[in-house]
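# Kindly return the folded structure for what I paste below:
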Amino acid sequence: MKFKYKSILFLFVLFFFLSAPISSCVATPEYSLGIRENASFLWKVTFVHEDIDNLLNHQTQGLHYPLNTEAKLIVYEINEWHRVWEIECRCYWNPFWDYYESYYNVYKYHSIDDREFYFNPREEYSHIFVAKPTEYYLSNYSARKPNLISNGSTIISYNGNESSYLYRAEGEYSKSGVLLSAKYYLETDELIFQWELIPPSKSVSGYLLIPSILLMVLSMIGLISLILKKKSNLMIK
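Down below sits the predicted model:
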C-alpha cells in the first residue's frame, strides 16, 4: 500500500516538473524579428507646432526638424546574436545625398537594454524597430522603466515622470514591430511634433522621383543626339 502511494506521489512530482517548462513557454512567447533584409521604410515629419521652441523653453531634445523632413531607411543586413538583433541600414536624408550606414539594435532581453526609449528615425540606435509579439515586448520593456507606460501596441515615454514632465512621446507600432507614428505632446495634451511612416503606395518622394526624371532627361538627350547624328550623316552624303 505504501508503495502504491509512493508511486502516485512520484508520478505527480514528475508530471509537475515536466509540465512547468511547457506552461512557462506558453506564458512567455519567444521573441522574433518582423522585418527582413532589403525592406525599405520612409518616415516623414507631418506636424510641427510653429512655436515649439518657446513651448519647450528651447529644449527641443531633437525635435528641431522642419515640416516634411523625410528619413528613408533600407535594411541592408541583419545579424542575429545571442542577446540582440543588429540591424544595419542604409540611410538617406536627402535625395541628392549619398547614403550612410546606421545601426539599430533590438534586444531579446530587456534587462540588458539601458537606453532611453526614443523614436527618432534619424538617430542611430533609436527604437524604430521592436521585436514581436509587439504588445508583449512593449509591455515587458515598459515594466522595467519608471518613465514608460505601454498600452497595447503603443508605448508612452515621459520626459520626466508621469505626474510632471516637459513633454511625452507616444510611439505606435505595427504587428511586425515597425514604428508607425511618434507623436509628442505637452502636459496639456497639445500636439507639438509628429513623425509618421509613409505607406509604400503613398511614398512618391524625391527619392524615387528625381532618379526617374534624370533617367528621362538622359534618354531624351541620347535620342536627340542620335537624330542629329543621322541628319549630319545624310547631309554629308
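
# And the pLDDT for the residue nearest the centre of the chain?
The centroid of the chain falls nearest to residue 128 when counting by Cα atoms, centre = their mean (2.1 Å). In this model, residue 128 is scored at 95, pLDDT.

# how about it, what does it touch?
41, 43, 73, 104, 119, 121, 178, 179 (Cβ atoms under 8 Å, 6 or more residues apart in numbering). Yep, even glycine has a C-beta here, placed from its N, CA and C like the rest.

# Can you tell me which of these lies closest to residue 35?
Closest to residue 35 out of these is residue 178 (6.4 Å), distances taken as Cβ to Cβ.

# Can you name the residues bridging to the closest one?
According to DSSP bridges, the partner residues bridging residue 178 are residue 129.

# From what I see, it and residue 40 are in contact.
No: contact status for residue 178 versus residue 40: not in contact, 11.2 Å apart, counting by Cβ atoms under 8 Å.

# What are the boundaries of the helices in this structure?
With DSSP state H, the ranges of helices along the chain come out as 2-27, 52-55, 134-142, 206-236.

# quick one on the thing from earlier: for residue 178 and residue 40, indicate the residue with more neighbours.
residue 178 (18 against 14; other Cβ atoms under 10 Å).

# pLDDT at that one, what is it?
97.

# Same question for the one 4 residues further on.
At residue 182 the predicted local confidence, pLDDT, stands at 96.

# Which residues are in contact with it?
Applying Cβ under 8 Å, 6+ apart, the residues contacting residue 182 are 119, 120, 169, 170, 171, 172, 194, 195.

# 6 Å instead, please
119, 169, 171, 195 (Cβ atoms under 6 Å, 6 or more residues apart in numbering).

# Then residue 117?
Listed by Cβ under 6 Å, 6+ apart, the contact partners of residue 117 are 127, 148, 157.

# Sort out for me which of the residues you listed are in strands.
For the contacts of residue 117, the ones inside strands are 148, 157, with DSSP state E as the criterion.

# got a pLDDT number for residue 123?
The score at residue 123 is 86. That number is its pLDDT.

# so how far is residue 188 from it?
26 Å (Cβ to Cβ, to the nearest Å).

# For those two, indicate the residue with more neighbours.
Neighbour count, other Cβ under 10 Å: between residue 123 and residue 188, residue 123 has more, with 14 against 6.

# quick one: contacts for that one?
By Cβ under 6 Å, 6+ apart, residue 123 has no neighbours at all.

# For it, grab phi and psi.
Per-residue torsions, residue 123: phi -110, psi 130 (degrees, to the nearest 10).

# phi, psi of the residue nearest to the centre of the chain?
Dihedral angles for residue 128 - degrees, to the nearest 10 - are phi -90, psi -10.

# Distance check, it against residue 174.
Using Cβ to Cβ, residue 128 is found at 11 Å from residue 174.

# circling back to that earlier point, nearest to residue 82 among the contacts of residue 117?
Nearest to residue 82, judged by Cβ to Cβ, of the contacts of residue 117 is residue 127 at 20.4 Å.

# quick one: the nearest residue to that closest one once chain neighbours are set aside from residue 171, how far?
Nearest residue to residue 127 in three dimensions, chain neighbours excluded: residue 117, at 5.5 Å (Cβ to Cβ, 6 or more residues apart in numbering). Going from residue 117 to residue 171 by Cβ to Cβ gives 8 Å.

# Next: residue 164.
21 Å.

# ok, the two, which is more surrounded?
residue 171 (25 against 8).

# what are the phi and psi values for the residue nearest to residue 190 when sequence neighbours are not counted?
Setting aside the residues directly before and after it, residue 190 is nearest to residue 49 in space (Cβ to Cβ, 6+ apart), at 7.5 Å. Note on residue 49: backbone dihedrals following degrees, to the nearest 10 are phi -70, psi 130.
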